[in-house]
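Chemist: whatever this is, show me its structure:
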Amino acid sequence: MHSAQTSTTLPSGATSTETSLASSLNSLPPKQITSFYYRGVKVMVEMPDAFTNKVAFCKLNHLPGEVYQCTADRSHLLCRHCLKHEQPASLLKQSGTPDDAAVYLCPFDNTVTYPDKYTSREIKSSYLPQCPSNTAKGDTHCQWHGLYNDVLKHVDLCPNFPLEDRILMLQHARSEATGSLSALDIRIEQLINQVEQLGSLLLKKPESPIDVKIKSLEKNIDLLKQQLQRLTGDFNVSLQNQRLHPSSSLISGLQQRITNLEKLSRENSHTIKDLENQLANAFHLIDQLMKAKAVQENPVAKTGTLLWKIDNFESKRTEAITKKNTLFSPVFWTNENGYKLCARIYLDGDGPGRQTHISLFLVVMKGDYDDFQRWPFRHKVSFTILDPNGQEHLHDSFRPNPDSSSFQRPKKDYNIASGCPTLLELSKLDKYVKDDAMLIKISIDTKEP
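Modeler: Below is the predicted model:
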């Protein structure tokens, strides 16, 4: 058994040193905000002090990403995202890196730069940002905090964004969607159409009934002016009384019109309230259908055993090499009211298995029934990579270290992952991949440890 050198609050490949660093830096509040547009909506995200204090070149119009360092005597840390946009014609490549990284020049001293992966990981792990809706609105209605890699996933689902922003994101998401539609997809599509129709009624700015009435009154006033001009030369008292009489009638008419306008305004207010209620109900239905679809596609295991199929394996492994991505399994439980768990896999290895093995770890999560569990978590954990030909399954297991923070009762959504960093040699990988998929079995011994 080996404890992973990576926490779920850290990007892939972080070490135990970085874990301690992240813990200390996480208490520091960010001092700057980055803003950018996502699916047509302006998003504002807190930036970690570790980024704004160390990186000398960044326009702060995107999420924190990879950091480069120049080769000058007094080296600068530079934002790769901004370098790429400032120097789009860079063609030179750095040989010997998995993705043959592009070479950019430092804008301060014109020296060559190179990827600083350690600092990139350190910066990303130094702070867990809050929900962008809180940052934009200055409230704390959404309780979400998470990894920078998960910010946009949360934005897609957060109900704390204004209705018009959620409608706009739904429209963009629908235009991006491809592939065949299931029955649930079709129902969701219908609900999105309803939301758009209701939203157009709510957001449309029709000509106010008051504006219409004012235009009508202006026409009447013009007619009255013409009448008054014809009567100005006649100072006869009787004629003057005739002039005053229509004025009394006009005042009475105006009072009636004001009453009618107030009634129309109240009715319009009720209509808008009804539309808002319909929109809220539609969003609720969409959320419920999304959850039903997720359960349908990934039924939750509550027996202590999870069979995890990783589809599109080659593309995910490529992303693990080039982007240092990691994958999380579906959530599962040791029993109906047991420990809440998931697995985390590094397809290009982590720690001592980096670039030589596939690393697989167990993550203890905060669950609904933690008050009734025994802590620390002590149950034996078994990992099995299944041979698709049924000949030679790869098996490893370990017993949790009760002194490790990975197996204490979670204080956050995820504990630090722990498990087997050298589970499968990459040289033997082809044997366990068939039809671009890998099958992994995670088993928890649910008997008393």
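Chemist: what distance do you get for the spatially closest residue to residue 337 that is not a sequence neighbour to residue 339?
Modeler: Nearest non-adjacent residue to residue 337, counting by C-beta to C-beta, 6 or more residues apart in numbering: residue 369, 4.5 Å away. C-beta coordinates here come from the backbone N, C-alpha and C atoms, glycine included. Residue 369 sits at a distance of 8 Å from residue 339 (criterion: C-beta to C-beta, to the nearest Å).
Chemist: looking at those two, which is more packed in?
Modeler: Using other C-beta atoms under 10 Å as the criterion, residue 369 and residue 339 rank with residue 339 on top: 23 against 13.
Chemist: local confidence estimate at the more buried one?
Modeler: For residue 339, the model assigns a pLDDT of 95.
Chemist: got it, and the one 4 residues further on?
Modeler: Among the per-residue scores, residue 343 shows a pLDDT of 95.
Chemist: swap in residue 261?
Modeler: Reading off the model, residue 261 has pLDDT 65.
Chemist: please apply the same query to residue 256.
Modeler: pLDDT at residue 256 comes out at 67.
Chemist: what do you get for residue 120?
Modeler: You'll see residue 120 listed with a pLDDT of 79.
Chemist: and it, that one's in a strand?
Modeler: No - looking at residue 120 with DSSP: H, G, I helix; E, B strand; the rest coil, it is helix, so not inside a strand.
Chemist: quick check: the residue nearest to residue 337 touching residue 338?
Modeler: Yes - contact criterion C-beta atoms under 8 Å: residue 369 and residue 338 qualify, at 6.8 Å.
Chemist: residues in contact with stretch 362-379?
Modeler: For stretch 362-379, the external contacting residues (C-beta atoms under 8 Å, 6 or more residues apart in numbering) are 8, 304, 328, 331, 333-334, 337-344, 381, 399-400, 402-404, 406-415, 417-419, 442, 444-447, 449.
Chemist: among these, which are in strands?
Modeler: Taking DSSP state E, the ones among the contacts of stretch 362-379 that sit in strands are 328, 333, 340-344, 381, 418-419, 442, 444.
Chemist: which regions of the stretch 1-150 of the chain lie under the pLDDT threshold?
Modeler: 1-31, 73-74, 88-102, 126 (pLDDT under 70).
Chemist: helices and strands around the strand or helix carrying residue 133, which ones?
Modeler: For residue 133, the host element (DSSP states H and E) is helix 132-137. On a contact count with 3 or more C-beta pairs under 8 Å, 6 or more residues apart in numbering; DSSP states H and E, helix 132-137 meets strand 41-47, helix 151-157.
Chemist: are any of the contacts of stretch 362-379 buried, and if so which?
Modeler: Listed as buried from the contacts of stretch 362-379 are 8, 304, 331, 333-334, 338-344, 381, 400, 406-407, 410, 414-415, 417-419, 442, 444, 446; burial here means 16 or more other C-beta atoms under 10 Å.
Chemist: and residue 64, how many neighbours?
Modeler: Neighbours of residue 64 (other C-beta under 10 Å): 25.
Chemist: one more: the one 5 residues further on?
Modeler: Using other C-beta under 10 Å, residue 69 is surrounded by 17 other residues.
Chemist: strands paired with the strand or helix carrying it, and their directions?
Modeler: Element membership for residue 69, per DSSP H and E: strand 67-70. Under the criterion DSSP bridges, strand 67-70 sits next to strand 77-79 (antiparallel), strand 113-115 (antiparallel) in its sheet.
Chemist: turn those into TSV, including distance to residue 358.
Modeler: Shown next, in TSV, are the strands paired with strand 67-70 (distance: least, C-beta to C-beta, whole Å):
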stretch	distance to residue 358
strand 77-79	31
strand 113-115	23
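Chemist: and these, which is most packed in?
Modeler: strand 77-79 (a mean of 23; mean count of other C-beta atoms under 10 Å).
Chemist: shaky segments in the stretch 201-350 of the chain?
Modeler: In the stretch 201-350 of the chain (pLDDT under 70), the answer is 201-258, 260-262, 264-300.
Chemist: related to what we said a few turns ago, nearest to residue 170, out of the strands paired with strand 67-70?
Modeler: strand 77-79 (31.2 Å; C-beta to C-beta).
Chemist: skip ahead from that closest one and say which helix or strand is next.
Modeler: That would be, after strand 77-79 and using DSSP H and E, helix 80-86.
Chemist: nice, that's everything, thank you.
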